[in-house]
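Trainee: Quick one: sequence and predicted model below, then my questions.
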Amino acid sequence: MTVKTAPAKAVPVATPTTRPFWEGTKAGELRLQQCNDCSHHFLYPRIRCPKCGSASTTWVKASGKAKLYSFVINHFPAPGWEGEVPYVIAMVQLAEGPRMMSSLVGIPPDPAKLVLDMPLQVTFQPRGDMMLPVFQSAGSAA
Amino acid sequence: MKPAVIAFAGAAETDIGALPQYSELDLRADAAHHALADAGLTLADVDGITSAVESPIDVAHYLGITPSWYDGTSVGGCSFLVHVRHAAAAIRAGLCTTVLVLHGESGRSRVGSIPRARPAYGMLGQFELPYGAFAPPNMFTMPVMRYLHETGTTHEQLAEVVVAQSHWAAGNPRASRNKLLTVKDVMDSPLIAYPFHKLECCVVTDGGGALVITTAERARNLKRADSPVYLLGSGEACDSPMVSMMDDPTSSKGFRLASRAAFAEAGIKHADVDHLMIYDAFAHLPLYGLEDMGFVGRGEAGAFIQAGHTRPGGKLPLNTNGGGILYTHTGMYGMFAIQEAVRQLRGEAYKQVDGVKTSVVQGVGGMFTAAATLVLSNLLP
C-alpha cells in the first residue's frame, strides 16, 4: 500500500548571503541591506550594492511598514495551497523603498477589501523550519 | 563595406494543438524539416543551429548534422527572436552561412519536456514561490492591478485586447480558439487569477516552428526568392528575473530598450510599421507593448484597442494570428509571432493585411525578464 503525502508549500532555503535575512525573520525582524556609500536599501540580498557596486553594506532592521502595491487573487493553487483557493498573492512596497512578493493575513480575497496603497505592517508566519515575512493591515497591528 | 543583408529563406510551423505522439525533440526536428522544405534546402546546407532549453547540440545530433556554429540562448518565449539576432550577427561575421532557428514544445501533452529547475535556494525559491506564486498565470499577471490603477485602464479594456484578436482568429482552423468573442464572453469566463479570466490567458498547446536564416544574396537563388523577407533591425534587452522586483512593474524596460534598438538599427519610425506582433501570453502584454514601444502614450493603449485600431481594417493590425491567447501557445510562443510576421510579409496569412511592407515582432521571456524585437520587411533595405 502506498501512502500519498499531500504536497507541501514551498520552503525557502538560505544561502550564506541571504542567511541574515532569514535569521532576521526568525528573530521577528524584517531586515534589509543598506549601502554604506550610496544609502540605497535593497532586496534580495547581494554581496554588493546593485546601485553603485559598493562592497560596503550593512544589514538594517526595516520599519516593517509597507503599502499594498499590487495583487492577484489566485484560483489555480500552488502545491500545498489546494485548500485555500482563492488566495491573494501580494506585491508590497516597503517604506524603505524595495518591493517584495508576500502574503496578506486577515484580509479576505475580495477586490473590494484590497485597496491599493492601503497601509500594511509586517508579521511572520512559520513555514517548515523558516519564518516568512507576511503582511497585515496596519490598522490591525498589535 | 556594408554588412550583409539577412533574409528569412524558409519559415514553417508544424501541426499545432494536441500532439501526444511527439516529444519536444521530435517536434524540433519536424519543424526543421518543414522550414528546410519551404526554403528548398536540405540538412547538408545547414551550418548553424539554435535551440532554447534543449541543447542545440541535442537537436543537431538528432537531425544528423554537425553545425560549425550554435546558440543555446534560453531566455523564455523570446529566445527565438534573440536567436535570429545572434544568427544574423554570426552570418555577418562569417561564422556560418545558413542557420536553422527552431522551436518545438510539448506544452500541453508534456512529452519529453525538460523540467525547468526552480531551486528553493534560488532567489525565486526564496522570495516568490513561498507565497503561492508558481506559474505564469499568477506571476506574469501580478503587476496589472497597479498598471490599471496608475493608467486608468479598465477591466473591460483588458478584455477588449482578446476581443480585438478574436476578429483575426475567427474561423482559422489552426487557431485553438477561433470564435468571435465579446467583452461579456471574456469577462464571463472563469477567473484564473483576478483580474484575469481564462480567456485573458493563453492557450496551452503542442507544436513547433522553424526559420532558415541566411544572407539576402543566397536567398535570392532559393525557392522562396519570389517572396523575400529581410531582417532590418533587432534588439535584445532584459529586466528583473523576478516580477516582484522590477524597477517599474507598470512598464516593461525590456520592451522599451529592445524596440528602441531595433527601430534605430532598421531606421524606421512608428508610422512605417504596417503590421505588429506583441507576445501575448496574457492580455496585458499588448497594452504594455503598445505603450512601451511608443505606438501610443502612457495609459492610451486600452482606448486605442477599444477603438478598433488593431482589428482587421484598423490602422495598426496587431496579433493577426489571434496571438498566444487564441492561436497557439506552446510555452515559448515567440516563434509563432515571427511566423505570422513572415506570412503577412509573404502575403500568405489566414487573415492577410493589405500592403504589408514592414512588420515588427516584440517578444518577451520569463515574467518581463527578457525581451527582444525584430523589424522585418519584404523590401530590400
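Mentor: Received, thanks.
Trainee: For the rest of this, base every contact and every neighbour count on C-alpha atoms.
Mentor: Noted.
Trainee: Please list the residues of chain A that sit near chain B.
Mentor: Taking C-alpha under 8 Å from any C-alpha of the partner chain as the contact definition, chain A meets chain B at A:9-15, A:44, A:69-79, A:81, A:89-91, A:98-103, A:116.
Trainee: Write a ChimeraX command that selects only the buried members of those residues.
Mentor: A single ChimeraX command is used to select the members of those judged buried by 16 or more other C-alpha atoms under 10 Å in any protein chain shown:
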select /A:9,10,11,12,13,14,44,69,70,71,72,73,74,75,76,77,78,81,89,90,91,98,99,100,101,102,103,116
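Trainee: can you pull out the helices in chain A?
Mentor: With DSSP state H, the ranges of helices along chain A come out as A:19-26.
Trainee: Kindly report the same for the stretch 251-381 of chain B.
Mentor: Secondary structure of the stretch 251-381 of chain B by DSSP state H, counting those that start in this stretch: the helices cover B:253-266, B:284-292, B:301-306, B:323-326, B:334-346.
Trainee: Deepest in the core, which of the ones you listed is it.
Mentor: Each of the helices of the stretch 251-381 of chain B was scored by mean neighbour count; the highest is helix B:323-326, a mean of 30, by mean count of other C-alpha atoms under 10 Å in any protein chain shown.
Trainee: which stretch among the helices of the stretch 251-381 of chain B comes nearest chain A?
Mentor: Minimum separation from chain A across the helices of the stretch 251-381 of chain B (C-alpha to the nearest C-alpha) falls at helix B:284-292, 13.5 Å.
Trainee: Where does pLDDT dip in chain A?
Mentor: Applying pLDDT under 70 to chain A flags the ranges A:1-5, A:140-142.
Trainee: Can you show me the strands along it?
Mentor: Using DSSP state E, the strands of chain A run over A:31-35, A:41-42, A:57-61, A:65-74, A:87-94, A:99-102, A:104-105, A:119-127, A:130-137.
Trainee: mind giving me CSV with the ones you listed and columns for distance to residue B:15?
Mentor: What follows is the strands of chain A, written out as CSV (distance: least, C-alpha to C-alpha, whole Å):
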stretch, distance to residue B:15
strand A:31-35, 50
strand A:41-42, 47
strand A:57-61, 54
strand A:65-74, 32
strand A:87-94, 37
strand A:99-102, 39
strand A:104-105, 44
strand A:119-127, 45
strand A:130-137, 46
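Trainee: mind checking the SS state of the residue in the stretch 201-350 of chain B that chain A sits nearest to?
Mentor: Nearest to chain A, among the residues of the stretch 201-350 of chain B, is residue B:244, at 5.5 Å (C-alpha to the nearest C-alpha). At residue B:244 the chain is in helix, as set by DSSP: H, G, I helix; E, B strand; the rest coil.
Trainee: Could you pull up the residues touching residue 76?
Mentor: No chain specified, so I'll use chain A. Residue A:76 makes contact with A:85-86, B:138, B:192-193, according to C-alpha atoms under 8 Å, 6 or more residues apart in numbering or on different chains.
Trainee: please go with chain B instead
Mentor: Applying C-alpha under 8 Å, 6+ apart, one finds that residue B:76 lies in contact with B:52, B:332, B:364-366, B:370.
Trainee: Could you measure from it over to residue B:287?
Mentor: Distance of residue B:76 to residue B:287, given as C-alpha to C-alpha, to the nearest Å: 20 Å.
Trainee: circling back to that earlier point, adding neighbour count and distance to residue B:308, write the contacts of residue A:76 out as JSON lines.
Mentor: Listed next are the contacts of residue A:76 as JSON lines, based on neighbours: other C-alpha atoms under 10 Å in any protein chain shown; distance: C-alpha to C-alpha, whole Å:
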{"residue": "A:85", "neighbour count": "14", "distance to residue B:308": "36"}
{"residue": "A:86", "neighbour count": "21", "distance to residue B:308": "34"}
{"residue": "B:138", "neighbour count": "24", "distance to residue B:308": "29"}
{"residue": "B:192", "neighbour count": "21", "distance to residue B:308": "26"}
{"residue": "B:193", "neighbour count": "25", "distance to residue B:308": "27"}
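Trainee: Great, nothing more from me.
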